[in-house]
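Colleague: sequence first, predicted coordinates after that:
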There are 2 protein chains.
Amino acid sequence: MNTIGSRHRSLRDETVDELRRLILSGEVEPGERLSELSISERLGVSRLPVREAFRRLEAEGLLKSIPRRGVRVVELDSHELAVVREVRMALEVIAVNKTVQRNDPEVMQALRNSLERGRKAVDEDDREALSGLNEEFHELLAEGAGSHFLSETLRAVRNQAHHLVGGVSAAVGPSWEEHSAIIRATVDGDAELAAMLMRRHLADRHAHQGGTSPA
Amino acid sequence: MNTIGSRHRSLRDETVDELRRLILSGEVEPGERLSELSISERLGVSRLPVREAFRRLEAEGLLKSIPRRGVRVVELDSHELAVVREVRMALEVIAVNKTVQRNDPEVMQALRNSLERGRKAVDEDDREALSGLNEEFHELLAEGAGSHFLSETLRAVRNQAHHLVGGVSAAVGPSWEEHSAIIRATVDGDAELAAMLMRRHLADRHAHQGGTSPA
DNA sequence: GAAACCAGAACTGGATACAACATCCTGCAT
DNA sequence: ATGCAGGATGTTGTATCCAGTTCTGGTTTC
């Protein structure tokens, strides 16, 4: 019962992706202890790729390893959450700035394209397409900065943020408007405006989702 | 006799540290390809810890893995370098802000203590001690923010920055003055000043070290 | 009945052996 | 020289094995 496809990419990478998905989707809960054996059986691979995946996700901050006691899914407290959000905001702003600065024609074309598809999706009230576009949005901006390092770091930070607000949060509805505004500013070359909108965008999301409610 | 003192650390962690040192010190060069076997022989461990270390350092961005062709030490171009520096600056500023904000007595005491030792080291012209203090400086501020996530991310970013300016750069002499100014602002609770000094500090270092020199 | 204790199961950390394959490299034939 | 066959090397993944540690459940003791 091979859970992962038979022969695509390296098993290691598949394992990393699948395990990351399990964590982010909440199928394995924060604080839960993961054993090499159970995961390897669950994913239908041997222990070694699982061990390698553990190291990778440990470095990404999704798992924490305790010597001789294996790994567990991290739980972040509210202070950690605040830091993650602040870091994310800083990095997203850097990304959007760099994107404007580089002004890569290919990226700009992709952004305009995304904008157009967004307009259409709004007209047709295609919520699924919008959800995909929202995913694509941050992906494009990270990539647009032209830095592998920044993309990877941002992905890790986003995963942290996403993880601790409770997995698959559905509140993606009202954000396309903000996204499209940021994209417009970006393709217009107005870095300052784009950065400001990005900051407000992230601040809004935080206010909606996590709040500053320490009981 | 620290918390993890008595029990010897895992071979895996030793391997990660040693391999990281090899990379940052330049003993293995950027672009160089590393084979599991050669590293395992060089470090006197089996291939398994090496493989896990590869995954870890890959996630940290010091190694890049190419399917079926193993890993090689990353080389960053000047654009990547600029991004790394910008990210570092943003994160260091967040760290110093959070440190002031938390105002942890223990951390503040450690900072004051560091300040005092720095003064003494300057008086006695103890360059070695100063070098250690400069290391300690960033370490303390990252830790002071009270976020494991931020410390780890910052360490990775610093390694990137350190790595690509050519390993063991010796130019740590004139920076204690700036460091101590930042510490003073921090213990005084002046986050704005501390952040500003931090920004200038990093900008200065970059101007000194990084020029736009290709080879 | 609850706490302390202890044997054994389960698990991690590490080392090998081995198979399957992809890539690199070398030498031979053209 | 050129190109290619085929071996050498290296990565990737599986399967075992083992030592040491932690966890678990049952038994003994107070």
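Modeller: Received, thanks.
Colleague: look through chain A and state the residue closest to chain B.
Modeller: Closest to chain B within chain A is residue A:59: 3.4 Å, counting by C-beta to the nearest C-beta. Using the backbone N, CA and C atoms, a C-beta is placed for each residue, glycine as well.
Colleague: can you tell me the element that residue falls in?
Modeller: helix A:47-60 (DSSP states H and E).
Colleague: now the helices: where do they sit in chain A?
Modeller: A:11-25, A:36-43, A:47-60, A:78-102, A:105-123, A:127-144, A:148-164, A:176-187, A:191-209 (DSSP state H).
Colleague: those helices: which one's closest to residue B:52?
Modeller: helix A:47-60 (4.7 Å; C-beta to C-beta).
Colleague: nearest residue to the middle of chain A?
Modeller: Using C-alpha atoms, centre = their mean, the residue of chain A that lies closest to the mean C-alpha position is residue A:158, 3.9 Å off.
Colleague: contacts only, for that residue.
Modeller: Residue A:158 sits next to A:88, A:138 when contact means C-beta atoms under 8 Å, 6 or more residues apart in numbering or on different chains.
Colleague: do that again at 10 Å, thanks
Modeller: A:24, A:84, A:88, A:91, A:92, A:138, A:139, A:142 (C-beta atoms under 10 Å, 6 or more residues apart in numbering or on different chains).
Colleague: of the helices of chain A, which is nearest DNA strand C?
Modeller: Each of the helices of chain A was scored for nearness to DNA strand C using C-beta to the nearest atom of the strand, and the closest is helix A:36-43 (3.7 Å).
Colleague: for the residue lying farthest from the centre of chain A, give its distance to DNA strand D.
Modeller: Relative to the centre of chain A, the most outlying C-alpha is that of residue A:68, 30.4 Å out, by C-alpha atoms, centre = their mean. Counting by C-beta to the nearest atom of the strand, to the nearest Å, the gap from residue A:68 to DNA strand D is 4 Å.
Colleague: what's the answer for residue A:201, then?
Modeller: Applying C-beta to the nearest atom of the strand to residue A:201 and DNA strand D gives a distance of 38 Å.
Colleague: that residue: how many residues sit nearby?
Modeller: Residue A:201 sits with 19 neighbouring residues when counted by other C-beta atoms under 10 Å in any protein chain shown.
Colleague: ok, the residue nearest to it when sequence neighbours are not counted - how many residues close by?
Modeller: Nearest residue to residue A:201, sequence neighbours excluded (C-beta to C-beta, 6 or more residues apart in numbering or on different chains): residue A:178, at 4.5 Å. Neighbours of residue A:178 under the rule other C-beta under 10 Å: 18.
Colleague: ditto for residue A:197
Modeller: For residue A:197, the count of nearby residues is 20 (other C-beta under 10 Å).
Colleague: also residue A:79?
Modeller: 15.
Colleague: who's in contact with it?
Modeller: A:214, B:98, B:101, B:102, B:145, B:146, B:147.
Colleague: recalculate using a threshold of 7 Å.
Modeller: Residue A:79 sits next to B:146, B:147 when contact means C-beta atoms under 7 Å, 6 or more residues apart in numbering or on different chains.
Colleague: got a list of contacts for stretch A:39-56?
Modeller: A:1-4, A:11-12, A:15-16, A:18-19, A:36-37, A:63, A:65, A:71, B:51-52, B:55-56, B:59.
Colleague: which among those residues end up buried?
Modeller: A:11-12, A:15-16, A:18-19, A:36, A:63, A:65, A:71, B:51-52, B:55-56, B:59 (16 or more other C-beta atoms under 10 Å in any protein chain shown).
Colleague: give me the subset of those residues that also touch DNA strand D.
Modeller: A:11, A:12 (C-beta under 7 Å from any atom of the strand).
Colleague: quick one: which two of the buried ones among the contacts of stretch A:39-56 are the most distant?
Modeller: Top of the distance list for the buried ones among the contacts of stretch A:39-56 (C-beta to C-beta): A:11 and A:65, 20.9 Å.
Colleague: and the pLDDT at residue A:84?
Modeller: Residue A:84 carries a pLDDT value of 94.
Colleague: hmm, it is touching residue A:162, no?
Modeller: No: counting by C-beta atoms under 7 Å, residue A:84 does not reach residue A:162; the two are 9.9 Å apart.
Colleague: more crowded one of the two?
Modeller: Neighbour totals were compared for residue A:84 and residue A:162, and residue A:84 leads with 26 against 16 (other C-beta under 10 Å).
Colleague: now do the same contact list for that one.
Modeller: A:76, A:157, A:160, A:161, B:149.
Colleague: run a quick neighbour tally on the closest residue to it other than its chain neighbours.
Modeller: Excluding the flanking residues, the one nearest residue A:84 by C-beta to C-beta, 6+ apart is residue A:160, at 4.7 Å. Using other C-beta under 10 Å, residue A:160 has 25 neighbouring residues.
Colleague: same check on residue A:88?
Modeller: Under the neighbour criterion other C-beta under 10 Å, residue A:88 is assigned a count of 21.
Colleague: distance of the nearest residue to it once chain neighbours are set aside from residue B:149?
Modeller: Nearest non-adjacent residue to residue A:88, counting by C-beta to C-beta, 6+ apart: residue A:157, 4.8 Å away. Separation of residue A:157 from residue B:149 (C-beta to C-beta, to the nearest Å): 8 Å.
Colleague: tell me which of those two has more neighbours.
Modeller: Taking other C-beta under 10 Å, residue A:157 and residue B:149 do not tie; residue A:157 has more neighbours (22 against 19).
Colleague: and chain A, which residues reach chain B?
Modeller: Residues of chain A found near chain B (C-beta under 7 Å from any C-beta of the partner chain) are A:10, A:51-52, A:55-56, A:59-61, A:67, A:79-80, A:83-84, A:86-87, A:90-91, A:94, A:98, A:145-147, A:149-150, A:152-153, A:160.
Colleague: re earlier: what average pLDDT does the helix holding residue A:59 get?
Modeller: Mean predicted confidence for helix A:47-60 is 97.
Colleague: angle of it against helix A:11-25?
Modeller: On the basis of axes from the mean of the first three to the mean of the last three C-alpha atoms, to 10 degrees, helix A:47-60 is oriented at 50 degrees to helix A:11-25.
Colleague: send the alpha carbons of helix A:47-60 over as CSV?
Modeller: Only the C-alpha atoms of helix A:47-60 are listed here, as CSV (Å, rounded to 0.1, in the frame of the first residue of the first chain):
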residue,chain,number,x,y,z
ARG,A,47,12.6,4.6,8.2
LEU,A,48,15.5,6.4,6.5
PRO,A,49,13.5,8.8,4.3
VAL,A,50,11.4,9.6,7.3
ARG,A,51,14.5,10.3,9.4
GLU,A,52,15.8,12.6,6.7
ALA,A,53,12.4,14.3,6.5
PHE,A,54,12.4,14.8,10.3
ARG,A,55,15.7,16.6,10.1
ARG,A,56,14.4,18.8,7.4
LEU,A,57,11.2,19.8,9.1
GLU,A,58,13.0,20.2,12.3
ALA,A,59,15.2,22.8,10.6
GLU,A,60,12.0,24.4,9.2
